[in-house]
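> sequence and computational prediction follow.
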Number of protein chains: 2
Amino acid sequence: MTVVPFVRPAAESPISPQNDADAMNSVLGKARLIIESFTAEDDVLSLAELVRRSGVAKASVHRLAQELLEWGVLERAGNRYRLGLRLFEIGQRVPRQRTLREAALPYMEDLLIATQETVHFAIHDGLDVLYVEKLVVHRGLNKQSRIAGRLPLYCTATGKVILAFASPSLFQEVVRNGIRPLTRKTIVQPGLLRAQLDKVREDRLAVEVEETRLGYMSVAVPVFTAPTTLAGALSITAPTCRMNVGRFTGALRTASLGISRTLQSLA
Amino acid sequence: MTVVPFVRPAAESPISPQNDADAMNSVLGKARLIIESFTAEDDVLSLAELVRRSGVAKASVHRLAQELLEWGVLERAGNRYRLGLRLFEIGQRVPRQRTLREAALPYMEDLLIATQETVHFAIHDGLDVLYVEKLVVHRGLNKQSRIAGRLPLYCTATGKVILAFASPSLFQEVVRNGIRPLTRKTIVQPGLLRAQLDKVREDRLAVEVEETRLGYMSVAVPVFTAPTTLAGALSITAPTCRMNVGRFTGALRTASLGISRTLQSLA
DNA sequence: ACCGAAGGTCCACTCACCGGAACGTCGCCG
DNA sequence: CGGCGACGTTCCGGTGAGTGGACCTTCGGT
């Protein structure tokens, strides 16, 4: 059995300021602590591990787990627990995600075929980009990003698009929150970043060069629901050597227009 | 404002036997009733509508909604509610769905390119198939199936695969539960269905001809995690006139083997 | 001005929830 | 073998989180 350290990193968690302070004297708070004990890496947890991670009393975890089990939000795996299918099912009903995905997916497939590189569609959530959809070409083994994964706004091409078209206060908040470099190429000077964002707004195009991961770069364009309102950003990521900004930008622009049109027609 | 009838259909709901009987005297039960008030069609609900649909007292719905709002499980849209992004995010962490999706998606893209028809990956859940992933070619406007959507086991190609390789008791349960035809071509005689399933097991191939929707048919093949254990089923759906069983079967078999290999390698 | 229906708030009662403690079981080690 | 620690599970009495009826305000229609 894998030994798990007592404290969770809890550094990147954008969930809430009071992580376990007063969330505990409400049933929903406890349920939340239990459910959020699962991560993409540790997806099967024993009761004892749940107790440790959530900080909820053992008897309570046990009782709540039974109830979540009956609901289908949790499942048993041996005598350990994992998140259940019902959660996936409900998660797919989320309107923001569903409409964007339905509109974007066909165009993303076109992009994938045309470029043979990884395609992302990301939206704004807190201080991160949240990947709503991602398509990879065969054997592109990248554990870097995953669907519903998060990355900072400041070091991704999609994030720069979102920052560029969002209110200036978001940029300030990002700076105030601190820019932690992911690679030695990550842009950490707020002034430099701001200058880039001005250019992004003008060109309707953002680029990120090995700022998230060495050896890889991305290009992103905005996707609008209405002429003024940004829905999200569409990007292509490729090894720096294979990147062809000009060609990819054209393909991205075409796809972005198609998605915008689809979104507006079904609104 | 749309008028909503007081009682929900509640016919197809595989959620639970006691729909609102004693689920109400537990916080989680109430939260469940509230969350499951949202459907793919009615995805934005007012407080009053939530009260009507869930059957929970107004003050309680209000209080719980605030808490779910803070969590991000619900979002506000004006002064109405909808399911929130956090739910999508958590839903994508569900292991069963995530590993299958990651393994299957690239091969499904190949299938889409090769056939230019709708591709489904479905798994078994209760008496239904649950679509884990779905790819459609451009402008294939089909509201019939959607990701995380459900259809009965007995009238889908994927469902027949699952029935064929599951324990016989599942077939009995399906029959006992009653076979309601979706079209006039849906097979309703248990004997006939059982004979088909025997053939499916032998051929490792299932076909459905306009049994779900007139004008459309599907072909499905099994996907195994281990030589004995079924992971799910992979299918292609097309208008009857365009269907080419022979060619599509070959493509499906290839993809199925690829997915199986990927699944086994990362297990 | 009146009405009905909506969202939101209040508050005293009470029962669902809590969690410490105890129990049965497993695997490990001396 | 027998003791030990860690685990999953169950029990039960006290209590405060949760409850929901009543109430207030706002808004749109007549």
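Right, received. Where do you want to start?
> near DNA strand D, which residues of the stretch 51-200 of chain A?
Within the stretch 51-200 of chain A, the positions lying close to DNA strand D (C-beta under 7 Å from any atom of the strand) are A:51, A:58-59, A:62-63, A:79-80. C-beta here means a position set from N, CA and C on the backbone, and glycine is covered the same way.
> the residue of the stretch 51-200 of chain A found nearest DNA strand D: neighbour count?
Using C-beta to the nearest atom of the strand, the point where the stretch 51-200 of chain A gets nearest to DNA strand D is residue A:59, with a distance of 3.9 Å. The local packing of residue A:59 (other C-beta atoms under 10 Å in any protein chain shown) involves 9 other residues.
> can you tell me the element it falls in?
Assessed by DSSP states H and E, residue A:59 sits inside helix A:58-71.
> which other helices and strands contact that helix?
Applying 3 or more C-beta pairs under 8 Å, 6 or more residues apart in numbering or on different chains; DSSP states H and E, one finds that helix A:58-71 makes contact with helix A:27-35, helix A:47-54, strand A:74-77, helix B:27-35.
> mean pLDDT, distance to DNA strand C and mean neighbour count added to those, as TSV?
Below are the helices and strands packed on helix A:58-71 laid out as TSV (pLDDT from 0 to 100; distance: least, C-beta to the nearest atom of the strand, whole Å; neighbours: other C-beta atoms under 10 Å in any protein chain shown):
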stretch	mean pLDDT	distance to DNA strand C	mean neighbour count
helix A:27-35	94	5	21
helix A:47-54	92	10	19
strand A:74-77	94	15	17
helix B:27-35	93	5	21
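> which of the residues of the stretch 51-200 of chain A next to DNA strand D lies closest to DNA strand C?
Using C-beta to the nearest atom of the strand, residue A:59 comes nearest to DNA strand C of those, at 3.2 Å.
> helix or strand right after whichever strand or helix holds residue A:112?
Using DSSP H and E, residue A:112 sits within helix A:95-115. Next along the chain after helix A:95-115, taking DSSP H and E as the criterion, comes strand A:118-125.
> give me the contacts around stretch A:223-230.
Residues lying outside stretch A:223-230 but in contact with it, judged by C-beta atoms under 8 Å, 6 or more residues apart in numbering or on different chains, are A:104, A:121, A:124, A:161-162, A:165-166, A:222, A:231-234, A:256, A:259-260, A:263-264, A:267.
> between the helices and strands packed on helix A:58-71, which gets nearest to residue B:70?
When those are ranked by proximity to residue B:70, the top entry is helix A:27-35, at 9.3 Å, counting by C-beta to C-beta.
> compute the inter-axis angle for that closest one and helix A:47-54.
Interaxial angle of helix A:27-35 relative to helix A:47-54 (axes from the mean of the first three to the mean of the last three C-alpha atoms, to 10 degrees): 110 degrees.
> tell me the angle of helix A:27-35 relative to helix B:58-71?
30 degrees.
> now do helix A:27-35: distance to the chain's middle.
On the basis of C-alpha atoms, centre = their mean, to the nearest Å, helix A:27-35 is displaced by 22 Å from the centre of the chain it belongs to.
> and the stretch 101-250 of chain A, which of its residues are near chain B?
Residues of the stretch 101-250 of chain A found near chain B, taking C-beta under 8 Å from any C-beta of the partner chain as the criterion, are A:101-102, A:105-106, A:109-110, A:112-113, A:123, A:125, A:130, A:132, A:135-139, A:146-148.
> re earlier: of the helices and strands packed on helix A:58-71, which approaches residue A:199 most closely?
Between residue A:199 and the helices and strands packed on helix A:58-71, the shortest gap by C-beta to C-beta is with helix A:27-35, which sits at 40.8 Å.
> read off the pLDDT value for residue A:79.
Looking at residue A:79, its pLDDT reads 88.
> how about the contacts made by it?
When the contact criterion is C-beta under 8 Å, 6+ apart, the partners of residue A:79 are A:46-47.
> now chain A, which segments are flagged as low pLDDT?
By pLDDT under 70, the weakly predicted segments of chain A are A:1-23, A:139-144, A:267.
> again, 90 this time
Per-residue confidence of chain A (counting by pLDDT under 90) places the weak regions at A:1-25, A:40-41, A:57, A:78-79, A:136-148, A:226-228, A:265-267.
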